[in-house]
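K.L.:
all I have is the shape, not the residue letters:
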Ligand SMILES: [Zn+2]
């Protein structure tokens, strides 16, 4: 029996607006020196406190929607999603249910297109911390994160392998960073991943179950968690058992996933429209203003570099690094345009440092560097011949079959050059010079 992986991803990204989603409190949960310093009645969930929508957060979500090729909704609203947990003092989270800000987008990966079902905006919860207070294990709540704008990006179940899941997630991170709307730091938690995983028997029909994996805080763990789950499901399915519909968490120490709670039935969050926030309406003019803010995205920059003659793998690295891209972009519109491929190769191989340097300086360094390369080639020949002359006995020993003498001769050549050079190159040169 052949099984086909069916994977969908939900990615949460905290927006780095100045203030929180529904109040004026500072949005800086990671920079706060102490817990509970950026709080007010709204983000503490006090009865009667009235939320107000952060316009910037809405615009940034729409900007992200455009970058992900989504349709922007002309009508959208916020809804209350009810559930109980200590990090959510209101007893509900303000989220979006049936009218998300953006829908029906896509991202292309190297092995196919992944549909994006929706991109919506909500508020983050407070953060629970389990620490020892006077020797007693205590759960504490930090409200600095409560009410931070949080975007959720949901794919269609289009992902077909753990590697593709990883590639997609990396692309999302690149895009939000290019848009400057989030740091998307997985270790800190400003970007969080959840995967829905199942195995299909024909690759088309969705299986009757799915397993959700949370608590994934690196791209590597995402790939590992998906691989672990797919293998676990296959084992169960081949024994005619169906994997339990549940939520699991990635455990780094166990190097696998562990069950957290079963999810036999869809949860009932009793969504209803948020009565304290007016519905949102947008005109074509509003959307044009957002579109005008859209910068060049990584994929577009990569295509542009490839067109300029830069090999694809180098073009990708350049596009991912702002300093590299800055130098290459400056070169492309300068009189040094013909240098672009050699400069791209040199900066990607870290042969020149580009941070804070102008394109002209980088070009001068790359030119000097290539001259150095030529000189060291002739220097190498001179050094090799000098050593052969000086070390007559060692050379004679080598000729008579004492292979181990070569190492000694290589060392002598390197000492003569007084520079770092690859020993294998020196050995080859010696070898051919001695045999000539
Ligand atoms: Zn507040």
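P.N.:
Okay, I see it. This structure is a prediction, so every number in the text was calculated from the model and none was measured.
K.L.:
show me the contact partners of stretch 76-85.
P.N.:
Taking contacts as Cβ atoms under 8 Å, 6 or more residues apart in numbering, the residues outside stretch 76-85 that touch it are 53, 91-101, 121-122, 125, 267, 269-274, 277, 279-280, 282. C-beta here means a position set from N, CA and C on the backbone, and glycine is covered the same way.
K.L.:
which of these fall in strands?
P.N.:
Among the contacts of stretch 76-85, DSSP state E puts 92-95, 121-122, 272-273, 280 in strands.
K.L.:
of the residues you listed, list those near the ion.
P.N.:
Among the ones in strands among the contacts of stretch 76-85, proximity to the ion is found for none (Cβ under 5 Å from the ion).
K.L.:
pull out the buried members of these.
P.N.:
Neighbour counting by 16 or more other Cβ atoms under 10 Å classes 92-95, 121-122, 280 among the ones in strands among the contacts of stretch 76-85 as buried.
K.L.:
can you pull the phi/psi pair for the residue in the stretch 101-250 of the chain that the ion sits nearest to?
P.N.:
Going by Cβ to the ion, the ion is nearest to residue 147 of the stretch 101-250 of the chain, at 5.6 Å. Taking degrees, to the nearest 10, you get phi 90, psi 10 for the backbone angles of residue 147.
K.L.:
leaving out sequence neighbours, find the closest residue to it.
P.N.:
Computed as Cβ to Cβ, 6 or more residues apart in numbering, the closest residue to residue 147 that is not its neighbour in sequence is residue 43, at 3.5 Å.
K.L.:
next secondary structure after the worst-scoring helix or strand of the chain on mean pLDDT?
P.N.:
Scoring the helices and strands of the chain by mean pLDDT, DSSP states H and E places helix 359-390 at the bottom, with a mean of 80. Once helix 359-390 ends, the next helix or strand along the chain (criterion: DSSP states H and E) is helix 392-399.
K.L.:
return the distance of that following helix from the chain's centre.
P.N.:
Using Cα atoms, centre = their mean, to the nearest Å, the distance from the centre of helix 392-399 to the centre of the chain it belongs to is 56 Å.
K.L.:
give me the helices and strands touching it, please.
P.N.:
Secondary structure elements in contact with helix 392-399, counted by 3 or more Cβ pairs under 8 Å, 6 or more residues apart in numbering; DSSP states H and E, are helix 405-417, helix 423-435.
K.L.:
okay, residue 63: pLDDT?
P.N.:
The confidence metric pLDDT takes the value 98 at residue 63.
K.L.:
in contact with it, which residues?
P.N.:
Going by Cβ under 8 Å, 6+ apart, residue 63 touches 179, 181, 290, 293-294.
K.L.:
look up how far the ion lies from the residue of the chain positioned farthest from its centre.
P.N.:
For the chain, the residue at maximal distance from the C-alpha centroid (Cα atoms, centre = their mean) is residue 393, at 58.7 Å. Applying Cβ to the ion, to the nearest Å, one obtains 83 Å for the distance of residue 393 from the ion.
K.L.:
can you give me the helices in the protein?
P.N.:
55-67, 162-178, 219-238, 284-292, 298-307, 312-320, 322-332, 340-348, 359-390, 392-399, 405-417, 423-435 (DSSP state H).
K.L.:
give me the below-cutoff pLDDT ranges for the stretch 201-350 of the chain.
P.N.:
Applying pLDDT under 70 to the stretch 201-350 of the chain picks out residues 263-266.
K.L.:
which one of the buried ones among the ones in strands among the contacts of stretch 76-85 is nearest to the ion?
P.N.:
Of all these, the ion sits closest to residue 94, with 12.8 Å by Cβ to the ion.
K.L.:
ok, now which ones touch the closest one?
P.N.:
By Cβ under 8 Å, 6+ apart, the contact list for residue 94 reads 21-22, 51, 78-81, 122-123, 274, 277.
K.L.:
in the stretch 301-436 of the chain, what residue comes closest to the ion?
P.N.:
Among all residues of the stretch 301-436 of the chain, residue 322 sits closest to the ion, at 32.7 Å; criterion: Cβ to the ion.
K.L.:
next, count neighbours for that residue.
P.N.:
Counted with other Cβ atoms under 10 Å, residues neighbouring residue 322 total 11.
K.L.:
residue 55 versus that one, what's the distance?
P.N.:
Using Cβ to Cβ, to the nearest Å, residue 322 is found at 27 Å from residue 55.
K.L.:
quick check: residues of the stretch 1-150 of the chain near the ion?
P.N.:
By Cβ under 5 Å from the ion, the part of the stretch 1-150 of the chain that sits against the ion consists of 23, 25, 40, 42-43.
K.L.:
so which of those residues wins on neighbours?
P.N.:
Most neighbours among these, by other Cβ under 10 Å: residue 43, with 28 neighbours.
K.L.:
how much space separates it from residue 137?
P.N.:
According to Cβ to Cβ, residue 43 and residue 137 sit 27 Å apart.
K.L.:
contacts only, for the residue found closest to residue 308 once you drop the neighbours it is linked to in the chain.
P.N.:
Nearest residue to residue 308, sequence neighbours excluded (Cβ to Cβ, 6+ apart): residue 340, at 5.6 Å. By Cβ under 8 Å, 6+ apart, the contact list for residue 340 reads 308-310, 328, 331-332.
K.L.:
next: residue 411.
P.N.:
Contacts for residue 411 were tallied using Cβ under 8 Å, 6+ apart; there are none.
K.L.:
10 Å instead?
P.N.:
Residue 411 makes contacts with 387, 423, 426, as judged by Cβ atoms under 10 Å, 6 or more residues apart in numbering.
K.L.:
what about it, distance to residue 403?
P.N.:
Per Cβ to Cβ, residue 411 is found 15 Å from residue 403.
K.L.:
repeat for residue 23
P.N.:
Separation of residue 23 from residue 403 (Cβ to Cβ): 76 Å.
K.L.:
in the stretch 151-300 of the chain, which residue sits nearest the ion?
P.N.:
As assessed by Cβ to the ion, the ion sits closest to residue 276 within the stretch 151-300 of the chain, at 14.4 Å.
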